[in-house]
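J.: sequence plus the predicted model coming up.
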Amino acid sequence: MNDWTQCVVTPPVNSKNFASLGVPVYRASTIPFDSAQSYANRHAQGAEGYSYGLYGTPTSRALEHKISQLEQGIRTLLVPSGQAAITLTMMILLRPGDHVLIPDTVYPPVRDFANQELNKLGIEVTYYDPQDFDALEGLIGSKTRLVWAESPGSTTMEVQDIPRIVKLAHRHGALVGCDNTWATPLYFKPLIHDVDIVVEALTKYFAGHSDVLMGSITVRDQSLAEHLRKGLGRYGVGVSPDDCSLVLRGIETMSVRLRHCSDVVSRLLPTIDRQPTVQQILYPALSGSPGFDLWQRDFKGASGVFSLVFTDIAAPFVAEALDCFKTFAIGASWGAHEASLPPCPLQCTVRRDFGKVPTSFCVLVLAWKQKRISRLTLMHFLHIWTRAADPSPATPPPSRRPPNDQ
């Protein structure tokens, strides 16, 4: 064998008695076979076989299996983002003439997808009030193929009665899908409540470091799993083994991070509640929040994401106050080691009660930070709002210098 050939042929290496606690990163596009016959019969390997890198490597399989165990499902499929997990599920399951029900407070990009893409395909989309079960019962019909749930809802944080929704949907022959990103399977397992499909934005708490984009689709029925798996294959959807490795690493600390976030939130909320600029705190684990009784019944814990509704006087100063931050980030997503404060305008069309509230929501995401720093920064933030909102002309303008908290 000449030198040029040696460069592209890797010699076998003895791996006997070698093991690693971390999952190895297997990268591949082409997967070689022992013979022409085995290649010709590659599809006979079944869903767990390896035929091409797009359809999985041992690294992605390890992540799929770990998520399936956490969700108590039979199969998990990985996609490039949480949004892709939702939209691809709908694209594969829905056909022209079908009807889908979506909560009015759904993740805004999902609403945009439904309005722009599903309607274009002749799929009827209806938004329902996530807190009004009687209204939902009146909307479901013979053409309803899928009832989507998001519990708690994006920004408004109401908890849905998932078991009741499932019974209603199944009685009409519809599937139920649920976005479980807020709780993760550590705090809520939709599949044990007979939900058919659960999706997670692995980008958030699973990965935990704001450097990976990935989503998961987990199901409890084998035929549904095969239908979705083949559909994703036709769309040419796959994920990077390197990204899978990062998510696998993030999962190892997810339980610790979630518990810490919950502890910090529980200490902060009483102080926030005393601030005159805060009209309402929306957090499923807080008594008085929409669906609090359902959270107590169905959930094992609460993550670190909650919303603040500010008073009409304070609302105009949201942007100016956010600009003062140094510890908190202003940006999309959450669930990482840093904390973020994105202002979130509402897009509700059915929830008339929220339609009266100005665009003064602010989602506060607490992550792996010292409690003292988080408390100091937040109180400075709310103090600026209080001073800026004071109509008295004697009130000095708010300082644009954040506290020396770093």
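T.: Sure, I can see it. Numbers count the residues shown, from 1 in each chain.

J.: per-residue pLDDT, residue 288?
T.: What the model reports as pLDDT for residue 288 is 87.

J.: er, residue 367 actually
T.: The model reports residue 367 with a pLDDT of 42.

J.: give me the element residue 170 is part of.
T.: Residue 170 is located in helix 162-171, with elements delineated by DSSP states H and E.

J.: avg pLDDT for the very next helix or strand once past that helix?
T.: For helix 162-171, the following helix or strand on the C-terminal side (DSSP H and E) is strand 175-179. In this model, strand 175-179 carries a mean pLDDT of 98.

J.: quick revisit: what distance separates the helix holding residue 170 from the centre of its chain?
T.: 22 Å (C-alpha atoms, centre = their mean, to the nearest Å).

J.: what residues sit buried inside it?
T.: 162, 163, 165, 166, 168, 169 (16 or more other C-beta atoms under 10 Å). Quick note: C-beta positions are derived from backbone N, CA and C, even for glycine.

J.: could those residues go into a markdown table alongside pLDDT?
T.: Shown next, in a markdown table, are the buried residues of helix 162-171 (pLDDT from 0 to 100):
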| residue | pLDDT |
| --- | --- |
| 162 | 98 |
| 163 | 97 |
| 165 | 98 |
| 166 | 98 |
| 168 | 97 |
| 169 | 98 |
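
J.: from those, which is closest to residue 258?
T.: Minimum distance to residue 258 across the buried residues of helix 162-171 is 19.8 Å, recorded for residue 162 (C-beta to C-beta).

J.: ignoring the adjacent residues along the chain, who's closest to that closest one?
T.: Sequence neighbours aside, residue 193 is the residue nearest to residue 162 in space, at 5.1 Å (criterion: C-beta to C-beta, 6 or more residues apart in numbering).

J.: tell me, how many residues neighbour the closest residue in space to residue 196 that isn't next to it in sequence?
T.: Excluding the flanking residues, the one nearest residue 196 by C-beta to C-beta, 6+ apart is residue 175, at 4.5 Å. Per other C-beta atoms under 10 Å, the neighbour tally for residue 175 reads 22.

J.: just after the helix or strand hosting residue 69, pick out the following helix or strand.
T.: Following DSSP H and E, one finds residue 69 within helix 58-71. Downstream of helix 58-71, the next assigned helix or strand under DSSP H and E is strand 75-79.

J.: any weak-confidence spans in the stretch 201-350 of the chain?
T.: 325-329, 331, 333, 335-350 (pLDDT under 70).

J.: ok, now with 90
T.: Scanning the stretch 201-350 of the chain for pLDDT under 90 picks out 208-210, 260-282, 288, 304-350.
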